[in-house]
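Asker: Build me a model:
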Amino acid sequence: YKAVAPLLLLVQIGLMWHTPQAAGRYLQLTRKSNEGMAPILAITPDPIISEDMGLLVTNDKVLDYYSFQNSQLARAGRWDQSWELGQLRDRNLSLVVLERGTRLDVDYYQRFTREFLSELDRNYRHAETVGKYEVYEPDPLQHERRAGFGKELALVGWSLHASPELRPGETISLTVVWQAQQRLAIGYTAFAHLVDANGRGWAGDDHQPHGGVYPTSAWGPGEMVRDNFILTVPSEATPGLYEVHIGWYDSSTGERLPSDDGSTFRVAVLPVGRAAGATEPLKPAGARFGELISLQGYDLETDPEAIRVRLRWSTEDHLDTDYTIFLHMIDAESGGQVLAQSDAPPLSGRWPTSLWLPGTAVDDVHVIPLPSDLPPGAYELLVGLYDPTTGERLDLADGSDALPLPRINLP
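Answerer: You can find the predicted model right below:
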């Protein structure tokens, strides 16, 4: 290591300093870039990883990682990257500062390994460009859910930002982290499409990653790459529920790579023009299931054949589980026997809980068929949620696993 490190440093300097003029321009750019970074570093706590080690030293920051030297040793199998990869996975680094070009020309600069840059893309976002520096800050994905697209590519996770009351003309910002499942010979095109209930597309963003500068054919096996999409809801978009679909296709043939669930993958359901129906006044419920899901209100309608129930739900944060909602009508006098019920995901599976947006009210209607031989009397209706894979119910604050609604009197 003592012999190799100085030699690697000389090689790095030799690659940068081609001519005195180029060296002068580079030094001027470095000076201005360092001046721009100084106030940012002054308010940012350690630890920080910087490709330019002098940037940290001159700003009194801790220097505990040598990007070029450590990466070269890692490429040669002489350095265990567990520490730096763990710091990235846990998002312990306040900032990661790269130089322009490093992320997209991995093999040329060789200042970071693909493993390092993969974890960077998975756990950090590009925050700003300051002169020659690209600044990254922690940005955990809202959803980490894996899905394959053929044998070539995979989805690692995504984040979506949109107004809870999405209106025509507003934009939707989508961040996706992809992963190459093997070495790819084709530069596939990624897409995100806004689609209505009839399958009609209203907005789309189709591109090769990083504007084609870093096509999938340049990715290494297992490499993760962060990608961004912007969708604008057209002014002529009609009120309704819309879905955001993502996927890949070969631009030369138009053929899509099939996802695990089909040719596309759904990452969001969005109400445009308050199409969720969450504007009608309902009886307040004020019940919380688990830590995040709230039942805001409800409404009941009965007839001799069925009970129609409208439930208004919301969540305070993004959910990882697709819960099933249950409504059980019981006879409290006979030990709680279930006489009629409805167990179904929200909107019959169209708006699963894992795709709920914090702050967006979701109106969900259930119809409970009544047995023809049901005797007249007063019955209790229980509502709650459970994980369909385990059957485990979400508890209320009092420890119960179902909320009783007002008793129903059937003639």
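Asker: so where do the strands sit in the stretch 1-150 of the chain?
Answerer: 48-50, 95-99, 124-130, 133-138, 147-149 (DSSP state E, counting those that start in this stretch).
Asker: Could you do the stretch 301-411 of the chain as well?
Answerer: 306-315, 324-331, 337-344, 362-369, 377-386, 403-410.
Asker: Would you mind pulling the contact partners of the third one?
Answerer: Applying CB atoms under 8 Å, 6 or more residues apart in numbering, the external contacts of strand 337-344 come out as 307, 309, 324-331, 366-371, 374, 379. For glycine as for every other residue, the C-beta is placed from the backbone atoms N, C-alpha and C.
Asker: Now, of the residues you listed, which are buried?
Answerer: Neighbour-count burial (16 or more other CB atoms under 10 Å) is assigned, among these, to 307, 309, 324-331, 366, 368, 370, 379.
Asker: For the strands of the stretch 1-150 of the chain, please prepare CSV with the additional fields mean neighbour count, mean pLDDT and distance to Asp320.
Answerer: Listed next are the strands of the stretch 1-150 of the chain as CSV, based on neighbours: other CB atoms under 10 Å; pLDDT from 0 to 100; distance: least, CB to CB, whole Å:
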stretch, mean neighbour count, mean pLDDT, distance to Asp320
strand 48-50, 23, 96, 29
strand 95-99, 23, 97, 26
strand 124-130, 16, 97, 21
strand 133-138, 20, 98, 19
strand 147-149, 20, 97, 14
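Asker: Once you drop chain neighbours, what's closest to Glu305?
Answerer: Leu370 (5.9 Å; CB to CB, 6 or more residues apart in numbering).
Asker: again but with Val156, I slipped
Answerer: In space, and not counting its chain neighbours, Val156 is closest to Val177: 4.2 Å by CB to CB, 6+ apart.
Asker: Run through the residues that contact the one you found.
Answerer: Val177 neighbours (CB under 8 Å, 6+ apart): 121-122, 141, 155-158, 224-227.
Asker: ok, then the element right after the helix or strand containing it?
Answerer: Element membership for Val177 (DSSP states H and E) is strand 171-180. Of the helices and strands lying after strand 171-180 in sequence (DSSP H and E), the nearest is strand 189-195.
Asker: which stretches of the stretch 301-411 of the chain aren't confidently modelled?
Answerer: 334-335 (pLDDT under 70).
Asker: now Thr253: how far from Val195?
Answerer: Distance of Thr253 to Val195, given as CB to CB, to the nearest Å: 22 Å.
Asker: Touching, Val225 and Val176? I think so.
Answerer: No - using CB atoms under 8 Å, Val225 is not in contact with Val176, being 9.1 Å away.
Asker: List the contacts of the lengthiest helix in the chain.
Answerer: Taking DSSP state H as the criterion, the chain has its longest helix at helix 20-42. Contacts of helix 20-42 with the rest of the structure, by CB under 8 Å, 6+ apart, involve 16-17, 48, 52, 55-56, 58-59, 61, 95, 97, 130-133, 135.
Asker: so which of those residues would you say is closest to Arg407?
Answerer: Proximity of the contacts of helix 20-42 to Arg407, judged by CB to CB, is greatest for Leu95, which lies at 58.8 Å.
Asker: Is that closest one in contact with Tyr136, as I believe?
Answerer: Yes - shown here, Leu95 and Tyr136 form a contact pair, counting by CB under 8 Å, at 6.7 Å.
Asker: coming back round to it: out of the contacts of Val177, which comes closest to Gly204?
Answerer: Closest to Gly204, out of all of the contacts of Val177 and judged by CB to CB, is Asp227, at 14.4 Å.
Asker: A strand includes that closest one, no?
Answerer: Yes - with DSSP: H, G, I helix; E, B strand; the rest coil as the criterion, Asp227 is assigned to a strand.
Asker: residues in contact with it?
Answerer: 175-178, 190, 209-210.
Asker: from the residues you listed, which would you call buried?
Answerer: For those, a burial check counting by 16+ other CB under 10 Å picks out 175-178, 190, 209.
Asker: can you put these in TSV and add pLDDT and distance to Asn409?
Answerer: Formatted as TSV, the buried ones among the contacts of Asp227 follow (pLDDT from 0 to 100; distance: CB to CB, whole Å):
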residue	pLDDT	distance to Asn409
Thr175	98	52
Val176	98	52
Val177	98	54
Trp178	98	56
Ala190	98	56
Pro209	94	61
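Asker: Including distance to Ile293, could those residues go into a markdown table?
Answerer: Listed next are the buried ones among the contacts of Asp227 as a markdown table, based on distance: CB to CB, whole Å:
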| residue | distance to Ile293 |
| --- | --- |
| Thr175 | 24 |
| Val176 | 26 |
| Val177 | 26 |
| Trp178 | 30 |
| Ala190 | 32 |
| Pro209 | 35 |
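Asker: my read: Gln142 touches Leu160, true?
Answerer: Yes - judged on CB under 8 Å, Gln142 makes contact with Leu160 at a distance of 6.8 Å.
Asker: which secondary structure element contains Asn198?
Answerer: Since the elements are taken from DSSP H and E, Asn198 ends up inside neither a helix nor a strand.
Asker: pLDDT score for Glu165?
Answerer: For Glu165, the model assigns a pLDDT of 81.
Asker: That one: neighbouring residues, count only.
Answerer: 16 (other CB atoms under 10 Å).
Asker: check contacts around Tyr109.
Answerer: 99, 101-102.
Asker: Kindly give the local confidence score, pLDDT, for it.
Answerer: 89.
Asker: and what of Ser259?
Answerer: If you check Ser259, the pLDDT there is 95.
Asker: for Thr19, same thing?
Answerer: On the pLDDT scale, Thr19 is placed at 66.
Asker: What of Tyr1?
Answerer: Listed pLDDT for Tyr1 reads 58.
Asker: related to what we said a few turns ago, between which two of the contacts of helix 20-42 is the distance greatest?
Answerer: Most distant of these, by CB to CB, are Trp17 and Leu95, 27.2 Å apart.
Asker: Ignoring the adjacent residues along the chain, who's closest to Pro340?
Answerer: Wrong residue type there; residue 340 is Ala, not Pro. Using CB to CB, 6+ apart, the nearest residue to Ala340 is Met329, at 4.4 Å.
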